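J.: coordinates only, no sequence provided:
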Ligand SMILES: NC(=O)C1=CN([C@@H]2O[C@H](COP(=O)(O)OP(=O)(O)OC[C@H]3O[C@@H](n4cnc5c(N)ncnc54)[C@H](OP(=O)(O)O)[C@@H]3O)[C@@H](O)[C@H]2O)C=CC1
Ligand SMILES: CC[C@](O)(C(C)=O)C(=O)O
Ligand SMILES: [Mg+2]
Ligand SMILES: [Mg+2]
């Protein structure tokens, strides 16, 4: 059974007198720094002066310093820059200021789990990970609620590592919903699996394959877009709010029968075998090694794939229809 923490289980005792340096002000950094500051914690933001986040973080009321100055001043260094740049930034600006008793904190266990970052033994290493994109972390906090989250401890040098992670989770708004205690390994491997197989990889390929099938058969791209992309959100919202059973209850009996009898022709033994292979590549470090090499080479494969994705017909028709629905300008 997993341990789940709520607001009443957590105090700010372990974090209220500490300086928390949030390194990065992107998707997660902006939301988490702003939530923790609004919850009354001592937050500073560490950024590169030449980058575009600096001005925004200042405009939004944060005390902004260079990454090195922030790391030096902080008791807790919360690393919220892209996973692939964390090791270089850590070695260049953070390692020398990670002195005895400080805490190195993450929102994804990736670099610790795969040992791209190896911190000294005399510090805490913790994780606070919202299970949501950053924009929702901020939006739901401002609405008085939050998103669910995870905490994990990799190293507990001072004996207060878990309470530090939980205090930060509370300040971000995560304990308003519920925070599961996990491990760096479990978070990293399940997060990578989820984003590759379902949330980002699987779902986009399913959408594109279905869209192309309809368009190639002579149906209009507009009809194909509504059917394979637009309505997907409405169905996913039903699953999110009411579970699979609730979704089935809300669609027509015709949709229910058609879906239940046809779905295994799409996701079948071969797809399950591929899922297991993808999981194995995550578990044995092959994916992490491949991603590192891709970065060393300057992301050529990722850039080519980004271009192909942007040029797909679904993006053109999607832009037009999202504008029509008032979702985009
Ligand atoms: N995105 C998400 O919703 C989720 C992310 N996570 C994890 O959170 C962490 C942060 O991810 P995310 O918020 O997506 O990151 P972002 O890509 O949004 O981070 C952007 C920030 O990183 C800074 N940055 C980028 N490159 C560098 C660099 N070379 N040197 C210094 N600063 C740099 C940018 O500064 P500048 O303006 O100067 O370019 C900017 O402030 C990751 O570990 C990720 O796995 C976890 C859960 C969900
Ligand atoms: C689903 C993608 C994610 O894992 C996330 C928002 O949780 C990420 O790395 O961005
Ligand atoms: Mg995730
Ligand atoms: Mg992820």
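T.: Thanks, I have it. Keep in mind the model is a prediction, meaning the values are calculated, not measured. Ligands and ions are numbered 1, 2, ... in the order given.

J.: which stretches of the stretch 201-329 of the chain form helices?
T.: Remark: helices assigned in the stretch 201-329 of the chain by DSSP state H, counting those that start in this stretch are 201-216, 221-225, 231-250, 253-262, 269-283, 286-296, 300-311, 313-324.

J.: any idea which of those helices gets closest to residue 78?
T.: Nearest of those to residue 78, taken as CB to CB: helix 286-296 at 21.7 Å. No exception for glycine: its C-beta is placed from N, CA and C like everyone else's.

J.: what about this structure, any weak spots by pLDDT?
T.: In the prediction, the chain carries no residues with pLDDT under 70.

J.: those residues of it touching ligand 1, which are they?
T.: For the chain, the contact set with ligand 1 under CB under 6 Å from any ligand atom comprises 24-29, 47-48, 51-53, 80-83, 85, 89, 107-108, 129-130, 133-134.

J.: so which of those residues are in strands?
T.: If you go by DSSP state E, those have 47, 129-130 in strands.

J.: restrict the residues you listed to contacts with ligand 4.
T.: With CB under 5 Å from the ion as the criterion, those include none near ligand 4.

J.: quick check, nearest of those to residue 161?
T.: residue 129 (14.9 Å).

J.: doesn't residue 154 make contact with residue 112?
T.: Yes. Here residue 112 reaches residue 154: they are 5.4 Å apart, a contact under CB atoms under 8 Å.

J.: shared neighbours of those two, which are they?
T.: 125, 184 (CB atoms under 8 Å, 6 or more residues apart in numbering).

J.: looking at the two, which is more packed in?
T.: residue 112 (24 against 18; other CB atoms under 10 Å).

J.: which residues touch the more buried one?
T.: Residue 112 neighbours (CB under 8 Å, 6+ apart): 106, 119, 125, 154, 184.

J.: what helix or strand is it located in?
T.: For residue 112, the host element (DSSP states H and E) is helix 110-113.

J.: name the residues that touch stretch 115-123?
T.: 86-87, 90, 98-104, 110-112, 125, 155, 157, 288, 292.

J.: likewise for stretch 283-303?
T.: 84, 110, 114, 116, 189, 192, 196, 278, 280-282.

J.: is it positioned near ligand 2?
T.: No. Against ligand 2, stretch 283-303 shows no contacts by CB under 6 Å from any ligand atom, the least distance being 12.1 Å.

J.: which parts of that stretch are buried?
T.: 287-288, 291, 295 (16 or more other CB atoms under 10 Å).

J.: repeat that for stretch 320-329.
T.: residue 321.

J.: torsion angles phi and psi at residue 102?
T.: Main-chain torsions, residue 102, degrees, to the nearest 10: phi -70, psi 170.

J.: whoops, residue 180 was the one
T.: Main-chain dihedrals, residue 180, degrees, to the nearest 10: phi -90, psi 140.

J.: run through the residues that contact it.
T.: Contacts of residue 180 by CB under 8 Å, 6+ apart are 2-4, 148-151.

J.: before we move on, the earlier item: buried subset of the contacts of stretch 283-303, written for PyMOL?
T.: Only the buried entries of these go into this PyMOL selection, using 16+ other CB under 10 Å:
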select buried, resi 84+110+114+116+189+192+196+278+281+282
